[in-house]
Every structure is written in structure tokens, then in C-alpha cells.
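Peer 1: prediction below, plus the sequence it came from.
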Amino acid sequence: MKPGPNKTVIFRGLYSLILLSACVGIIAIAMSTQTPVSAAQTADSSAAADAHPEFPPGEGREAVLRLCVRCHSPNIILASGQDRRGWENTITKMARQGAEGSDEDFTDIADYLTANFPPSAVKKVFVNMATDKQISDLLGISLEDAKAIVAYRDKVKGFKSLEDMKAVPNVDAKKIDAKKDQLVFGAGVTKPQAK
């Protein structure tokens, strides 16, 4: 016997209701298996994004921090302003030495560094790698005072900030402050991480 129109409408409505219930059930199961993002995870990702505020936002920033900072302190970039050709030569050299990334990564890095870290007339010095002579010349202090800075630096295993450097006993903090734009803290190059 052929169902009448009322039975067909009821059947379709029942079928739709069953289908809808199944979809809701699947969504509920899927949502219950997801791990909620904790406040700590959110804070960690924000901290990672804010880890290097000296690098302005822009396309290529993430690639720089992901690829370049793997082997180098970010300070080496801050102290090494270059034009496009200089950055491309540096990137090519790093790729030959084992830096891994896609062509798009390397292009993004070159674009970002060229735009944000152009050549500078101001000579910068890596404080934790500088010789006593370099420190003496830069700060305009005696070689003996510069040797005292280097000895203190080595004793404390490097300066992390301008304030650390100004903590050297008997140092003229005003001379350090006057040259703060030329001082780069941290190491210039770090050991590559094991792969």
C-alpha cells in the first residue's frame, strides 16, 4: 500500500529530525574531545609573540624569529643594518651554512630585514664580545677602565642590559649612557641548536 501524503510528510519530518539529532551528537562528541586552551597556553603564545619587541610587526617577522634566531642572537640583526644586497648575501651565506627554510621564507626575511634594518651610520658594538680596546674607543675612556669593564663582564658572564654594564664599579655611567644607542647586549652568535 502506498503511503498517503500525510504519511510522506511525517516520514520526511522524522528523517530530518533523526539527521539533525545525529549531527548534534557528532558535534557534541567532537567538542568534548577537544582540549580547551588554558590561560597558561594563551600566555605562553603571547609571550612568544612579545619575546622580541625590538622587531617591528610585519610580514617576514615570524620567519626571521623562527629561522634566524635558531642559530643567532637577535642582537646580531639589530647591530647589522644592511641594504638589500647585503641582507641577500648574508641570507645566502647562512643557507650555505645549513639554514633551512623555503624560498618564500628567505624572500620574506630579506624583505623584512631590508625594510626594518637598513644600513646605519652609527657603528654598533656587541658589548659581550668587544675587546677592551673597542670599549675604550667607543666610550672614550682609558684602556685601564675598559679592561675593568671586560673583567667585570667576564666575572658576571656577560651583561644583559645597560643597567648591568653601569653596575661595573668605578665606571662613569654617564659615558655609557651617552653611547647607549651604539651598545648591543647579548651575544652576537650563539651555538646552533642540535637537530
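Peer 2: Good, I have the coordinates. Numbers count the residues shown, from 1 in each chain.
Peer 1: for the closest residue to G60 other than its chain neighbours, give me its contacts.
Peer 2: The shortest distance from G60 to any non-neighbouring residue, by Cβ to Cβ, 6 or more residues apart in numbering, is to Y112 (2.7 Å). All C-beta spots, glycine's among them, are computed from the backbone N, C-alpha and C. If a contact means Cβ atoms under 8 Å, 6 or more residues apart in numbering, then Y112 has G58, E59, G60, R61, A63, V64 as its contacts.
Peer 1: so the second one sits against I109, correct?
Peer 2: Pointing back at E59 there. No. At 10.2 Å, E59 does not count as touching I109 under the criterion of Cβ atoms under 8 Å.
Peer 1: of the two, who's got more company?
Peer 2: A count of neighbours by other Cβ atoms under 10 Å puts I109 above the other of E59 and I109, at 27 against 10.
Peer 1: name the helix or strand for that one, please.
Peer 2: Counting by DSSP states H and E, the element that carries I109 is helix 103-116.
Peer 1: in that helix, which residues are buried?
Peer 2: D105, F106, D108, I109, A110, D111, Y112, L113, T114, N116 (16 or more other Cβ atoms under 10 Å).
Peer 1: again with stretch 157-168
Peer 2: For stretch 157-168, burial by neighbour count (16+ other Cβ under 10 Å) applies to F159, L162, D164, M165, K166, V168.
Peer 1: D181 is in contact with V122, correct?
Peer 2: Yes. The criterion here is Cβ under 8 Å, and V122 meets it with D181 at 6.2 Å.
Peer 1: chain neighbours aside, what residue packs nearest to L162?
Peer 2: K180 (5.5 Å).
Peer 1: quick check on the one you found: phi, psi?
Peer 2: Main-chain dihedrals, K180, degrees, to the nearest 10: phi -60, psi -30.
Peer 1: pLDDT at it, what is it?
Peer 2: For K180, the pLDDT comes out at 87.
Peer 1: also P5?
Peer 2: pLDDT, P5: 55.
Peer 1: how about the one 5 residues further on?
Peer 2: On pLDDT, I10 comes in at 44.
Peer 1: and what of A51?
Peer 2: So A51 comes in at 71 (pLDDT).
Peer 1: which residues touch it?
Peer 2: By Cβ under 8 Å, 6+ apart, the contact list for A51 reads L65.
Peer 1: S142 is in contact with D132, isn't it?
Peer 2: No. Assessed by Cβ under 8 Å, S142 is found out of contact with D132, at 10.0 Å.
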